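Novice: Predicted coordinates and the sequence they were generated for:
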Number of protein chains: 2
Amino acid sequence: MDATKEPAAHAAGCGCVLPAAAQGGPVSHALSRVARLHRTAAAGLLRGLGLYPGQELVMMHLWESGPARQADLIKMLGLDPSTVTKMLQRLEQAGQVRRLPDPADRRAVLVEATESGARLLTEVERVWTALEEESLAGLDPAEREQLLTLLGRVEANLWTRNAART
Amino acid sequence: MDATKEPAAHAAGCGCVLPAAAQGGPVSHALSRVARLHRTAAAGLLRGLGLYPGQELVMMHLWESGPARQADLIKMLGLDPSTVTKMLQRLEQAGQVRRLPDPADRRAVLVEATESGARLLTEVERVWTALEEESLAGLDPAEREQLLTLLGRVEANLWTRNAART
DNA sequence: ATACTTTTATTGGTCGGCCACGTAAAACGG
DNA sequence: CCGTTTTACGTGGCCGACCAATAAAAGTAT
């Protein structure tokens, strides 16, 4: 299993083949595959904590800012309002989150982590760093920084694109 | 540029903030966000073709190999069998795919694109190259190759990891 | 031929995520 | 003060994706 230098090195280590019709978007193809593998790995690690992938991001923001309005969470997560509503309903059902009416705005809802939810912080951090390390194994710090920077630029591109579609 | 005081460089262009609890996995965080934006963008482009994101990958493999067994699709896509079953049911309902019993194996199913499905090929290619270009705007060829290579290494890491979990 | 194991596909359930639509409250404008 | 947006959430529906459990056929012994 030597790490040879081939142009299609991205297909190394997996049985996948890049379909001809996808050759116009090789990075898109790789991104889709990596993201799904990454999410599946996260799911496996989070299952032990009773969380589903995506929920940990909500909890992170709640730990960060304390009680927050749902609208703020939506803005920070960049998700659809209905998605956040349902995730919070399930997190509340699971006892990780509490929802209170906002005294200053009768249509808003304040969300905060329960004690049970707060106890997940260190575990989630551990899982998150473990996943990062498994994902980036074999990449030196400079390469990790490069990847982060490149992903950031792609994110900016897609962000402005989606914003423009409004 | 290493260890500079620009920790949130990836957040440029979007209103997001990296939560403190996610600092152990900055690349994971960026990857999640980019992947979701990318998928949403793909959904918007594919909607005009009557496809949902993910379905175009199935079609690509069918265009590539002609009639294929479901098990082969599963292997090439790296998806769960039940996922492929349901996707094919919907693609069949939409008239893009036809399913025939395999004469050589009575439990297998042969899947092939219909004429309607075959007509989507050029459109899907156009959409994919457009999405690729919008995602990678501002990145020169060397940077795109770097990104592809780095994603490939991450994919290999996660692939072997998931395989090991069996 | 019989019994055991592997492969292939399906069903049912759950969750994240989106869209389209609806409702109630706040903010704005005349 | 009142009508009109705008904002904040919720519902229902749909799809991709996973897991768990099943059934049926094929393969492999014994």
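Specialist: Everything's here; your move.
Novice: near DNA strand C, anything from the helix or strand of chain A with the lowest mean pLDDT?
Specialist: Lowest on mean pLDDT, DSSP states H and E among the helices and strands of chain A sits helix A:141-164, with a mean of 94. No - counting by C-beta under 7 Å from any atom of the strand, DNA strand C has no neighbours in helix A:141-164; the shortest distance is 8.4 Å. Yep, even glycine has a C-beta here, placed from its N, CA and C like the rest.
Novice: Now do that helix: which elements does it pack against?
Specialist: Applying 3 or more C-beta pairs under 8 Å, 6 or more residues apart in numbering or on different chains; DSSP states H and E, we find helix A:141-164 packed against helix B:26-47, helix B:121-135, helix B:141-164.
Novice: Kindly present these as a markdown table, with separate columns for mean neighbour count.
Specialist: Formatted as a markdown table, the helices and strands packed on helix A:141-164 follow (neighbours: other C-beta atoms under 10 Å in any protein chain shown):
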| stretch | mean neighbour count |
| --- | --- |
| helix B:26-47 | 21 |
| helix B:121-135 | 18 |
| helix B:141-164 | 18 |
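Novice: Would you format those helices as CSV with distance to residue B:62 included?
Specialist: What follows is those, written out as CSV (distance: least, C-beta to C-beta, whole Å):
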stretch, distance to residue B:62
helix B:26-47, 16
helix B:121-135, 10
helix B:141-164, 23
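Novice: could I get the ones you listed as JSON lines with distance to DNA strand D?
Specialist: JSON lines is the format used below for the helices and strands packed on helix A:141-164 (distance: least, C-beta to the nearest atom of the strand, whole Å):
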{"stretch": "helix B:26-47", "distance to DNA strand D": "8"}
{"stretch": "helix B:121-135", "distance to DNA strand D": "14"}
{"stretch": "helix B:141-164", "distance to DNA strand D": "8"}
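Novice: isn't residue A:94 right next to residue A:50, touching?
Specialist: Yes - if you go by C-beta atoms under 8 Å, residue A:94 and residue A:50 touch, sitting 6.4 Å apart.
Novice: Before we move on, what's the pLDDT of the spatially most central residue of chain A?
Specialist: Closest to where the C-alpha atoms of chain A average out (C-alpha atoms, centre = their mean) is residue A:54, at 5.7 Å. Residue A:54 carries a pLDDT value of 97.
Novice: ok, now which ones touch it?
Specialist: Residues in contact with residue A:54 (C-beta atoms under 8 Å, 6 or more residues apart in numbering or on different chains) are residue A:87.
Novice: now swap in residue A:112 and tell me
Specialist: Neighbour list for residue A:112: A:62, A:66-68, A:97-98, A:100 [criterion: C-beta under 8 Å, 6+ apart].
Novice: Can you tell me which of these is nearest residue B:147?
Specialist: Nearest to residue B:147, judged by C-beta to C-beta, of the contacts of residue A:112 is residue A:62 at 32.3 Å.
Novice: how about the nearest residue to that closest one, chain neighbours excluded?
Specialist: The spatially closest residue to residue A:62, leaving aside those adjacent along the chain, is residue A:113, at 4.5 Å (C-beta to C-beta, 6 or more residues apart in numbering or on different chains).
Novice: And the one you found, how close does it get to residue B:100?
Specialist: Here the distance between residue A:113 and residue B:100 works out to 53 Å (C-beta to C-beta, to the nearest Å).
Novice: what separates residue A:69 from residue A:139, distance-wise?
Specialist: In terms of C-beta to C-beta, residue A:69 sits 38 Å off from residue A:139.
Novice: So residue A:18: helix, strand or coil?
Specialist: The three-state assignment at residue A:18 reads coil, by DSSP: H, G, I helix; E, B strand; the rest coil.
Novice: Alright, I will stop here.
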